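**Q** Here's a sequence, model it:
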Amino acid sequence: MCRIGAIKSLDYIHPSMALQLMSSQQKGHDNSGFAMVMQNLGGIFEPYKHLPTLSMACTDDGIKIAEHILHEAGFLRVMQWTPEVHDEPGLDINAMPNYVFETFKYPKAYKGASQKEKEELLLDTRLKLRAALEPNEEGFAYSFWPDVITLKEIGDPRDIGTYFNLWDADDRFTAKVITAQCRQNTNYDIVRYAAHPFHLQGYTALANGENTFYLKNKEFQQGLHRGYIGFESDSQCFLYTLHYVHRELGWPLHYYKHVCTPLPFEDIEQREDQKQLLGIRQSLAHLEINGPNTIIGLLPDNTMFTCCDAKKLRPVVVGRDERTVAISSEVCGINEILPDRDWEADIYPNEREVVVINDDLEVQRWKQ
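**A** Sure, this is the predicted structure:
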């Protein structure tokens with residue numbers, strides 16, 4: 001069972017807090033890795049929030065391949081950060097030779113382009129990078145998006161934190177939203193792309209559990225959008241459905257739950273919106289999910305949410321203090337980072353609700 005967590009704060013926080021959230025759940029570690037997505041960036045990336053940052057792990061040849069593609073597309077690098085790694089003896093980590101975090105100006109040809117055109121360019125460029133790097137395993141392009149950084153690595157989560165010097169907090173590498181996972185989906189090969197969280201055009205998702213409707217989801221999603229690729233984990237389907245429902249269809253977030261875990265027909269018949277809900281069941285039946293799972297998601301505006309499968313077969317808890325809200329697959333994670341909170345105010349979402357946290361840290365509970 002995966003261990004997942006998310007932290008959203010009014011203040012900029014360091015990844016060490018995410019590691020602490022995960023380390024308290026260490027009985028779930030199987031040394032298959034640690035991954036995180038940082039959004040709403042602070043520190044050295046804060047002045048460049050409006051520009052896209054590439055997150056990539058690669059070989060020396062991979063850097064050359066990526067630089068050629070980006071140069072041809074007209075991207076101009078304005079900032080580069082390379083983590084100072086600590087390759088201590090005995091660390092359990094399957095490290096790549098290079099970790100690249102670079103921020104770019106858009107090509108001059110896109111000076112007058114719309115936001116939508118720029119967003120499509122970023123997606124196409126990342127897909128091109130991935131396709132060029134994959135054949136000889138020269139690298140992994142995780143995200144190419146404004147105000148987003150992604151790090152994924154294979155090994156012991158504690159050792160990964162040591163290798164990247166993430167246990168010691170500083171103010172150079174921070175964000176107001178961090179999602180993290182410390183165990184890959186072991187039903188599939190252990191590869192970096194399979195590690196949650198998954199990111200696509202400002203949307204992030206991670207899950208604790210499994211999706212037994214994976215093949216049905218995958219076959220349907222492959223024909224919906226060019227960005228729905230890979231499928232190294234059944235949990236990627238949760239991200240693609242979120243992206244499709246909210247971005248491509250333009251539906252409000254609460255319909256995501258209706259797509260993933262639709263209400264029984266007898267309940268739909270009692271609803272004022274039965275026409276819409278029946279339409280969802282008829283047109284998007286192949287996006288329904290099944291099996292034990294809990295989902296944590298982020299929207300491009302940094303709205304954070306969590307929801308469960310229709311039978312509540314996986315745990316999740318939401319806790320908060322005045323400055324920070326955390327979601328964790330186990331309450332011990334929140335106890336570790338928010339020990340002084342009001343524990344009686346913790347929320348244990350049920351199978352028919354979505355818990356949503358906005359940028360003001362207002363926590364809402366939406367009944368399906």
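**Q** any low-confidence regions in this protein?
**A** 1, 26-31, 183-189 (pLDDT under 70).
**Q** Scan it for its longest strand.
**A** strand 4-13 (DSSP state E).
**Q** can you pull out the helices in the stretch 51-200 of the chain?
**A** 60-73, 115-133, 157-163 (DSSP state H, counting those that start in this stretch).
**Q** got these as CSV, with distance to residue 179 columns?
**A** Every residue, glycine included, has its C-beta placed from N, CA and C. Below are the helices of the stretch 51-200 of the chain laid out as CSV (distance: least, Cβ to Cβ, whole Å):
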stretch, distance to residue 179
helix 60-73, 25
helix 115-133, 19
helix 157-163, 14
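**Q** how about the ones you listed, which one is nearest residue 281?
**A** The closest of the helices of the stretch 51-200 of the chain to residue 281 is helix 115-133. By Cβ to Cβ, the value is 29.5 Å.
**Q** Show me what that closest one is packed against.
**A** In terms of contacts (3 or more Cβ pairs under 8 Å, 6 or more residues apart in numbering; DSSP states H and E), helix 115-133 is packed against strand 52-58, helix 60-73, strand 139-146.
**Q** I'd like these written out as TSV, with mean neighbour count added.
**A** Output for these, formatted as TSV (neighbours: other Cβ atoms under 10 Å):
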stretch	mean neighbour count
strand 52-58	23
helix 60-73	16
strand 139-146	25
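**Q** The residue nearest to residue 350 when sequence neighbours are not counted and residue 45, how far apart?
**A** Using Cβ to Cβ, 6 or more residues apart in numbering and skipping the chain neighbours, the partner closest in space to residue 350 is residue 312 (6.1 Å). Remark: distance between residue 312 and residue 45 (Cβ to Cβ, to the nearest Å) = 38 Å.
**Q** quick one on the thing from earlier: and of the helices of the stretch 51-200 of the chain, who's closest to residue 3?
**A** Between the helices of the stretch 51-200 of the chain, helix 157-163 lies closest to residue 3; by Cβ to Cβ that is 8.9 Å.
**Q** name the helices or strands packed onto that closest one?
**A** helix 15-23, strand 34-41.
**Q** what does that helix rub up against?
**A** Residues external to helix 157-163 that are found in contact with it (Cβ atoms under 8 Å, 6 or more residues apart in numbering): 15-16, 19, 22-23, 26, 29, 31, 33-34, 85-88, 91-93, 95, 153, 155, 166-167, 182.
**Q** can you check stretch 262-270 too?
**A** By Cβ under 8 Å, 6+ apart, stretch 262-270 touches 271, 274, 277-278, 280-281, 288, 352, 368.
**Q** of these, closest to residue 239?
**A** Nearest to residue 239 out of the contacts of stretch 262-270 is residue 288 (Cβ to Cβ; 15.7 Å).
**Q** you'd agree residue 92 is up against residue 154?
**A** No. Judged on Cβ atoms under 8 Å, residue 92 makes no contact with residue 154 at a distance of 9.2 Å.
**Q** returning to that earlier point: closest to residue 2 out of the helices and strands packed on helix 115-133?
**A** Using Cβ to Cβ as the measure, strand 139-146 is the one of the helices and strands packed on helix 115-133 that comes nearest residue 2, at 17.8 Å.
**Q** quick one: the residue nearest to residue 151 when sequence neighbours are not counted from residue 157, how far?
**A** Of all residues not flanking residue 151 in the chain, residue 36 sits nearest, at 5.6 Å (Cβ to Cβ, 6+ apart). From residue 36 across to residue 157, the span is 10 Å (Cβ to Cβ).
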